[in-house]
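Novice: fold the following, please.
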Amino acid sequence: MSFCVQYAQQLSQILAVTDWSPVEALAEDCRRLIIEGKRLYICGNGGSAGNAIHLANDYLYGVSPIDAKAIKVEALSANSAVLTCLGNDLGYEHIFSWQLKVKAEPGDVLVVLSGSGNSANILNALEEAKAKGMKSYAILGYQGGKAKALADVPIHFPIDDMQISEDLQLVVGHMLMRLLNDGSHKC
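Specialist: Residues are numbered from 1 along each chain as shown. Alright, predicted model coming up:
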């Protein structure tokens, strides 16, 4: 069997056995954010940081390109000046939590993207979300790590593969975009 077929089969298998109800819950929370004018914050490291930026773009524009009823959204990984300042002055483990401490309000939502679920900056962001009265979601791979227990709603894919874990972050993100774009869809 070729590598590409094997990769596609791994991805297909995990998609086929996943409980999608947490994604529907996230869609409901995002609908509430739009109605209440609250914010969605997304963060991750490495490829997950890139995915956070990609999805923030989708939710700002793609959810409602005609009538601008989109989500007020921010990828906490997007501003390199902020990240390097906070990393240098406070420590890398605080690059997301400090931003939440300053910007977030009760009723906002945090989505963390992580393969392992054990990065200190992700765990600190989840802790800060709790302290601020935010609801938190974690899209996770591998065993889910400590983030699986810290998040209010884990969306966990038990697969020991970083690339497929990151693929699944975008699958969930794009499902969410479509759920928000057309309210008739359900998981």
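Novice: quick check: residue 4 vs residue 160, distance?
Specialist: 19 Å (CB to CB, to the nearest Å). (Each C-beta comes from the backbone N, C-alpha and C, glycine too.)
Novice: one more: residue 105?
Specialist: For residue 105, the distance to residue 160 equals 37 Å [CB to CB].
Novice: next, name the residue at the spatial heart of this structure.
Specialist: Centroid check for the chain by CA atoms, centre = their mean gives residue 111 as the closest residue, at 3.5 Å.
Novice: quick one: the helices in the protein?
Specialist: 3-17, 21-36, 47-57, 80-89, 97-103, 120-132, 145-150, 162-181 (DSSP state H).
Novice: CSV please, covering the ones you listed and showing mean neighbour count and distance to residue 70.
Specialist: CSV is the format used below for these (neighbours: other CB atoms under 10 Å; distance: least, CB to CB, whole Å):
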stretch, mean neighbour count, distance to residue 70
helix 3-17, 11, 27
helix 21-36, 17, 7
helix 47-57, 20, 11
helix 80-89, 13, 23
helix 97-103, 18, 18
helix 120-132, 21, 21
helix 145-150, 19, 27
helix 162-181, 20, 8
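Novice: quick one, which of the ones you listed gets closest to residue 138.
Specialist: Closest of the helices of the chain to residue 138 is helix 145-150, at 4.5 Å (criterion: CB to CB).
Novice: how far away is residue 179 from residue 111?
Specialist: Taken as CB to CB, the span from residue 179 to residue 111 is 14 Å.
Novice: cool, and residue 78?
Specialist: 14 Å.
Novice: pull the contacting residues for residue 168.
Specialist: 11, 14, 15, 139, 141, 157, 159 (CB atoms under 8 Å, 6 or more residues apart in numbering).
Novice: residue 7 now?
Specialist: By CB under 8 Å, 6+ apart, the residues touching residue 7 are 163, 164.
Novice: a markdown table for the contacts of residue 168, including pLDDT and distance to residue 58?
Specialist: Formatted as a markdown table, those follow (pLDDT from 0 to 100; distance: CB to CB, whole Å):
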| residue | pLDDT | distance to residue 58 |
| --- | --- | --- |
| 11 | 94 | 20 |
| 14 | 96 | 22 |
| 15 | 95 | 19 |
| 139 | 98 | 14 |
| 141 | 98 | 21 |
| 157 | 97 | 20 |
| 159 | 96 | 23 |
